[in-house]
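Student: Model the structure of this input:
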Amino acid sequence: MSLDYRIVKFVHLLRVLGIRVSVAETLDAIEGLGYADIADKVQVKAILRATLLKNMDQLPLFEEAFSAYFAPPEIREQCHLEQQEQARIEAVQIAQAEQELNFQGMSLELTPEQKQLYNRLPEEGKQRIQTFLQRSSAGNRGGQQLDVHFKPIVENIVRGQLDYWKRVLGEELPLFEALPTGDTETDELVKSVAEELRDHRANYLYEDLKNIADKDLPRVNALIHRLSRRLATKISRRYHRSKRVSQVDLRRTIRSSLSYGGTLMELKYTAKRRNRPRLLLLCDVSGSMARYASFVLQFIYGLSSVLKGIDSFVFADCLERVTHDFSRETGFEQNMAELMNQSKEWGGGTNLARALEELAAIRPNLLTKDTVMIIVSDTKTLEAQRAASLLKTVGAKIRDVIWLNTLPKKQWAEQKCVGEFARVGLMFECYTLAHLERIMASQFVR
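Tutor: Sure thing, here's the model as predicted:
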């Protein structure tokens, strides 16, 4: 098998996984490999990553795809046999589910994933669905069976029950959507990549924070700690005063040289003064936002050693200051648990306008020209127009407003108030840890 063919097949795998690769980039990769030692896997991986990967958010996908595709033949064969056995088991399970999930002897139209979910239910859940189907098939009017036209209604109810159990069991959303290609090798590789990502949780950085299961929280909290510490180090270097000269001030140097007849006898230097901003954090902790807020609070908490005077507030219907909760010597997890138990706002409705009004009235001393306000919210709030007007007023008093919008950007057009809020300061898509780290780094390590 030629090298060109192998690379084209690898590119096909990347495309199936959702990584966009153009023909030109494929040709660049093939050309680049001509200058490398093909036997050196590290060199090959570096060249392919440099030429084929544009979006670093997809780095975990690329890493796992490379590992699976360029695995030794014996490992590929072992994976092939394991997947065949797994497919056989799943086929048996699906057939069993089809026997149990029927209406008047007719199989329900459910997806293979829904049938597999049914098999993973506890006996109590299975029994409830079976009892419902038996009663629906028998009918309840004088023992008469329901008309077959009721089958779609029965199917929808069963799907709803399965969706409920999916949430209860904490079933993870798919890491990516990939339809079968018809190429057995590619389909097996795609499945292998998905399983590896799921097993090793390489996607913590890129997973929607609301989908992170409770059992994964210790690992995610440790990751947040590492990310915030690393960013804190960068910020500290960015704002640290140095006695070293940074660059030549050309204008002052030329003016000074005039006294020497235009000869550059003495160089003049300049160093840009960098003042650390004061952070004012407003976290929406309404029902849809509480999960995001806890992660962001933990991330910002990790920066408190290098960013002076971080004032933290949570809001839903009203404003609540929580700065003191994170100034204790006890750990963040304990502080957060106490905060959630004591807070009157956690899980309520959202009224940003009232929160901004209270902030301006109670804490006007925080609204200064060295303050950067960070708002964490999905923009869904009561009195949106008044909130936008108040935000504009507050924004004029401070250095900047950074809005971390937990809605995916493709959904922004559906929310009319997004445009109003986006006019004040900067608005970023932020529903993963990768988004959060990148935004904070771009704003404070420039």
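
Student: Can you find the helix or strand in this structure with the smallest mean pLDDT?
Tutor: Sorting the helices and strands of the chain by mean pLDDT, DSSP states H and E puts strand 269-270 at the bottom, at a mean of 66.

Student: Which residues are in contact with Thr379?
Tutor: With contact set as CB atoms under 8 Å, 6 or more residues apart in numbering, Thr379 has these partners: Trp403, Asn405, Leu407, Gln415, Cys417, Val418, Phe421. C-betas here are computed from N, CA, C, even on glycine.

Student: Ok, Met336 next?
Tutor: Contact analysis of Met336 by CB under 8 Å, 6+ apart lists Ser294, Leu297, Gln298.

Student: Show the pLDDT at it.
Tutor: Here the pLDDT value assigned to Met336 is 73.

Student: and the next element down the chain from the helix or strand hosting it?
Tutor: The secondary structure element spanning Met336 is helix 332-342 (assigned by DSSP states H and E). Once helix 332-342 ends, the next helix or strand along the chain (criterion: DSSP H and E) is helix 352-362.

Student: So which bits of that next one are buried?
Tutor: Within helix 352-362, the residues that count as buried by 16 or more other CB atoms under 10 Å are Leu352, Ala353, Arg354, Ala355, Leu356, Glu357, Glu358, Leu359.

Student: Mind picking the two most distant members of the contacts of Thr379?
Tutor: The largest distance within those, taken as CB to CB, falls between Trp403 and Gln415 and amounts to 12.4 Å.

Student: With neighbour numbers in mind, choose between these two.
Tutor: A count of neighbours by other CB atoms under 10 Å puts Trp403 above the other of Trp403 and Gln415, at 21 against 16.

Student: wait, is that one part of a strand?
Tutor: Yes - when DSSP: H, G, I helix; E, B strand; the rest coil is applied, Trp403 is found to be in a strand.

Student: quick one, what contacts it?
Tutor: Trp403 sits next to Ile374, Ile375, Ser377, Thr379, Phe421, Ala422, Val424, Gly425, Leu426, Met427, Phe428 when contact means CB under 8 Å, 6+ apart.

Student: Distance of the fifth one relative to Val376?
Tutor: When you say that, I think you mean Phe421. The spacing between Phe421 and Val376, counted by CB to CB, to the nearest Å, is 12 Å.

Student: List the buried residues of stretch 40-56.
Tutor: Those would be Val44, Ile47, Leu48, Thr51, Leu52, Leu53, for stretch 40-56 by 16+ other CB under 10 Å.

Student: re the thing from before, just the ones of the contacts of Thr379 in helices?
Tutor: Among the contacts of Thr379, DSSP state H puts Cys417, Val418, Phe421 in helices.
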